[in-house]
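In: Predicted model and sequence follow; I will ask about them next.
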Amino acid sequence: MSGLPPRTGAQVLVDQLRAQGVERVTCVPGESYLAVLDALRDSGIDVLVCRQEGGAAIMAEAAGKLTGRPGICFVTRGPGATNASAGVHIARQDSTPMILFVGQIARRMRDREAFQEVDYRQMFGGVAKWAVEIDDAARIPEILARAFRVALQGRPGPVVVALPEDMLDDVAAVPDAPRVVPAAPAPSGDDLARLRAMLAEARRPVVLLGGSRWTEGAVAALAAWAERHDLPVAVSFRRAQLFPADHPNFAGELGIGPNPALLARIREADLLLMVGGRLSEMPAQSYGLLGIPDPGLPLVHVHADAAELGRVYQPALAIEAAPETFCAALPEFEATGTGRAAEAHAAYRAWSETPEPKPGAFQYGEAITWLRERLPPDAVICNGAGNFATWVHRYYRFRAFGTQLAPTSGSMGYGLPAAVMAKRSRPERIVVALAGDGDVMMTVQEFATAVQYGIAVVVVVLDNGMYGTIRMHQEREYPGRVSATELRNPDFAALARAFGGHGERVERTEEFAPAFERGLASGLPAMIHCLVDPEALTPTMTLAAIREKALAAQRG
């Protein structure tokens, strides 16, 4: 196009990121995309250099959750891309917009199995929403605009873009693409009329929230609507930020080890309104909560992606709509049931109020309830995967949108890098990562990233010397036969100090609050190493009790 200045492919690419409103990217540098690193240098985009590609990709996924726009990550070819695949998988299962850029071999070397050569379309084809390789620098604006749209539209997810290193040096004179605003399908008048009639007839309705594409306004609108119509509202696995836990209509989280009263309420419901989520394996209790394909009760499923409607459960009413557009059009109706929400909230409060004492001098449940009272509503809580997380989901109370970062995919190692991104993006907030000992060691190197950039996260490490979740299943299936689940851990407080952060060791419950306050006041990335008795395996069962129950079943 005449009159446009020529730019290298790398510069065109970085300019597209700016045009799309990207403020921050994560990366582990590589020689395959040196030209992009150079173009980023004067771009004004915050470049967060990480220590391993898995951590960098998790940070980008967390950015997608926080902003609703694609988190951006750059990695090099081969091992860099394979390391980053963990973050791509999280983004897929969590429905998070994200774009992973992968440096690629030069175009002339293709199909020779050159150094670190991988076909990324094939490698990521079953995980990413779209995987593409850019051969022509002139097409970068077109392909990146499409990448943003694919990542954002319908059910959000990850896109992988491979960048041949020689293409990045090519010169093109092309215009930038405009900022992508994803289509937001809205419910039709007929949809709303049918929903109004179904709600008016229901005596035991339940609302279930999940998925992505939510906004603070949508959350507030739904809460006000539910209150007007006395509707109990539950949230799906690790989606607690979608409804305030202190709201009188909150019924609890439908996740791992849920409140039996909530399960009974859903099974006895005469209408289930599911908004935004998919009711996948964890919230569906291994797909045993509802019937498949007939759910066994009138189901209204609202989702922004038509492909998800009826994919597993055949709804009585399928509404293709994004949470924001649906919540802006919620129908008013005459409620027939009364007192249902208060009853559901009382059951939630009773279930989540006071943890049972567990073996050991350090009572993890008491630490969680202390954090529940100590932290402000806008504090961001991050966690990875492991039994330690069940205490968070049961006893902590999320009160505001944008305060929870946790992988519905169950990926270990998520909490620490997610916290680094949250604190980098929201420096005015308190950001806490809760991590098991096996969990934190998956990405502990990103504590060095926090120290390098002065990102003052607080990481609470729960150390019971084992892969606790696997040990729990092991004791259920092979009681007393311990194999491959024991861990010998470092002194995490000393490790934090070695990185240049603040470290504390906690052996007793009463030591936790002062240690946490000192870590917070230090102004440094802090790690609070809490020693947990191995017997304190779940909020409801000890290790010995799980083993004895399994042995009794074997004895018949």
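Out: Cool, the structure landed.
In: check contacts around Phe401.
Out: By CB atoms under 8 Å, 6 or more residues apart in numbering, the contact list for Phe401 reads Trp214, Thr215, Glu216, Val219, Gln241, Leu242. Every residue, glycine included, has its C-beta placed from N, CA and C.
In: Which of the residues you listed are buried, as a ChimeraX select command?
Out: Buried residues within the contacts of Phe401, by 16 or more other CB atoms under 10 Å, are selected in ChimeraX with:
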select :214,215,219,241,242
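In: What is the most widely separated pair among the contacts of Phe401?
Out: Spatially, the most separated pair among those is Thr215 and Gln241, at 11.7 Å (CB to CB).
In: show me the residues around Arg424 that make contact.
Out: Taking CB under 8 Å, 6+ apart, one finds Arg24, Asp46, Leu48, Tyr453, Ile455 in contact with Arg424.
In: Next step: these restricted to helices.
Out: When DSSP state H is applied, these are split such that Tyr453 fall in helices.
In: Filter the contacts of Arg424 down to the buried ones and hand me the PyMOL line.
Out: Those of these that count as buried under 16+ other CB under 10 Å are selected in PyMOL with:
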select buried, resi 24+48+455
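In: From the contacts of Arg424, pick the one nearest Gly154.
Out: Arg24 (24.7 Å).
In: Beta-bridge partners for that closest one, please?
Out: Asp46 (DSSP bridges).
In: Quickly note the distance from it to Glu510.
Out: 39 Å (CB to CB, to the nearest Å).
In: Gly211 contacts Ala321, correct?
Out: No - taking contacts as CB atoms under 8 Å, Gly211 lies outside contact range of Ala321: 11.7 Å.
In: So for these two, which sits in the more crowded spot?
Out: Gly211 (27 against 24; other CB atoms under 10 Å).
In: Now do the contacts for the closest residue to that one other than its chain neighbours.
Out: Nearest-residue entry for Gly211: Gly276, 3.5 Å, with adjacent residues in sequence omitted and distances by CB to CB, 6 or more residues apart in numbering. Contact analysis of Gly276 by CB under 8 Å, 6+ apart lists Leu209, Gly210, Gly211, Ser212, Arg213, Trp214, Leu242, Val302, His303, Ala304, Pro323.
In: Using CSV, lay out the contacts of Phe401 together with secondary structure and distance to Val174.
Out: Below are the contacts of Phe401 laid out as CSV (DSSP: H, G, I helix; E, B strand; the rest coil; distance: CB to CB, whole Å):
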residue, secondary structure, distance to Val174
Trp214, coil, 35
Thr215, coil, 33
Glu216, helix, 37
Val219, helix, 40
Gln241, helix, 40
Leu242, helix, 41
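In: Just put the contacts of Phe401 in CSV and tack on distance to Phe401 and pLDDT.
Out: Below are the contacts of Phe401 laid out as CSV (distance: CB to CB, whole Å; pLDDT from 0 to 100):
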residue, distance to Phe401, pLDDT
Trp214, 7, 98
Thr215, 8, 97
Glu216, 5, 97
Val219, 5, 98
Gln241, 5, 97
Leu242, 7, 98
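In: Relative to Thr542, which of the contacts of Phe401 is nearest.
Out: Using CB to CB, the contacts of Phe401 come closest to Thr542 at Gln241, 30.9 Å.
In: Now the closest one. Nearest residue, chain neighbours left out?
Out: Gln404 (4.0 Å).
In: Got the phi and psi for the residue nearest to Gly211?
Out: phi 90, psi -30 (degrees, to the nearest 10).
In: distance of it from Phe250?
Out: 16 Å.
In: Isn't Ala223 up against Pro244?
Out: Yes - counting by CB under 8 Å, Ala223 touches Pro244, with 6.5 Å between them.
In: which stretches of the stretch 201-350 of the chain have low pLDDT?
Out: Along the stretch 201-350 of the chain, segments meeting pLDDT under 70 span 338-339.
In: Helices of that one, start to end?
Out: 216-228, 260-267, 323-327, 340-352 (DSSP state H, counting those that start in this stretch).
In: Tell me which of those is the most buried.
Out: Ranked by mean neighbour count, those are led by helix 323-327 with a mean of 23 (mean count of other CB atoms under 10 Å).
In: What is that helix packed up against?
Out: With contacts defined as 3 or more CB pairs under 8 Å, 6 or more residues apart in numbering; DSSP states H and E, helix 323-327 has these neighbours: helix 216-228, strand 271-275.
In: which residues are in contact with it?
Out: 184-187, 211, 213-215, 217-219, 221-222, 225, 275-276, 302, 304, 319.
In: And for stretch 116-130?
Out: 32, 76-79, 81-82, 85, 88-89, 92, 100, 102, 104-105, 109-110, 131-133, 146-147, 150-151, 157-160, 162.
In: Now a ChimeraX select for only the buried ones of these.
Out: Only the buried entries of the contacts of stretch 116-130 go into this ChimeraX selection, using 16+ other CB under 10 Å:
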select :32,76,77,78,81,82,85,88,89,92,100,102,104,105,131,132,133,146,147,150,151,157,158,159,160,162
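In: From start to finish, how long is stretch 296-313 in a straight line?
Out: Using CA to CA, to the nearest Å, the span of stretch 296-313 from its first residue to its last is 10 Å.
In: How far away from the center of its chain is that stretch?
Out: 22 Å (CA atoms, centre = their mean, to the nearest Å).
In: Residues contacting it, please?
Out: By CB under 8 Å, 6+ apart, stretch 296-313 touches 153-155, 184-185, 187, 195, 198, 202, 211, 213, 269-279, 287, 290-293, 295, 314-323, 326.
In: Please check these and keep the buried ones.
Out: 153-155, 184-185, 187, 195, 198, 202, 211, 213, 269, 271-279, 290, 295, 315, 317-323, 326.
In: Spatially nearest residue to Phe115 (excluding sequence neighbours)?
Out: Ile105 (7.1 Å).
In: Let me see the mean pLDDT of stretch 123-142.
Out: Stretch 123-142 shows a mean pLDDT of 97.
In: CA atoms only for it, dumped as CSV, please.
Out: Provided in CSV are the C-alpha atoms of stretch 123-142 (Å, rounded to 0.1, in the frame of the first residue of the first chain):
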residue,chain,number,x,y,z
MET,A,123,1.6,-30.3,18.1
PHE,A,124,-1.0,-27.8,19.4
GLY,A,125,-3.8,-28.8,17.1
GLY,A,126,-5.8,-30.7,19.7
VAL,A,127,-5.2,-28.2,22.6
ALA,A,128,-5.3,-24.7,21.1
LYS,A,129,-8.3,-23.2,19.5
TRP,A,130,-6.1,-22.3,16.5
ALA,A,131,-2.5,-23.0,15.6
VAL,A,132,-0.9,-21.1,12.7
GLU,A,133,2.5,-20.3,11.2
ILE,A,134,3.0,-16.9,9.5
ASP,A,135,5.0,-17.2,6.3
ASP,A,136,4.5,-13.7,4.9
ALA,A,137,5.3,-10.5,7.0
ALA,A,138,2.7,-8.6,5.0
ARG,A,139,0.0,-10.9,6.5
ILE,A,140,0.9,-10.3,10.1
PRO,A,141,-1.9,-7.7,10.8
GLU,A,142,-4.5,-10.0,9.2
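In: Give me the buried positions along that stretch.
Out: Those would be 123-124, 127-134, 137-141, for stretch 123-142 by 16+ other CB under 10 Å.
In: and if you look at stretch 191-210?
Out: Neighbour-count burial for stretch 191-210 [16+ other CB under 10 Å]: 191-192, 194-195, 198-199, 202, 204-210.
In: Determine how far that stretch lies from the middle of the whole chain.
Out: Using CA atoms, centre = their mean, the offset of stretch 191-210 from its chain centre is 28 Å.
In: Could you work out the end-to-end span of that stretch for me?
Out: 20 Å.
In: about what we covered before: tell me the one of the contacts of Phe401 nearest Ala526?
Out: For those, the nearest to Ala526 is Gln241 (23.5 Å; CB to CB).
In: Quick check: which ranges of the stretch 1-150 of the chain have low pLDDT?
Out: 1-2.
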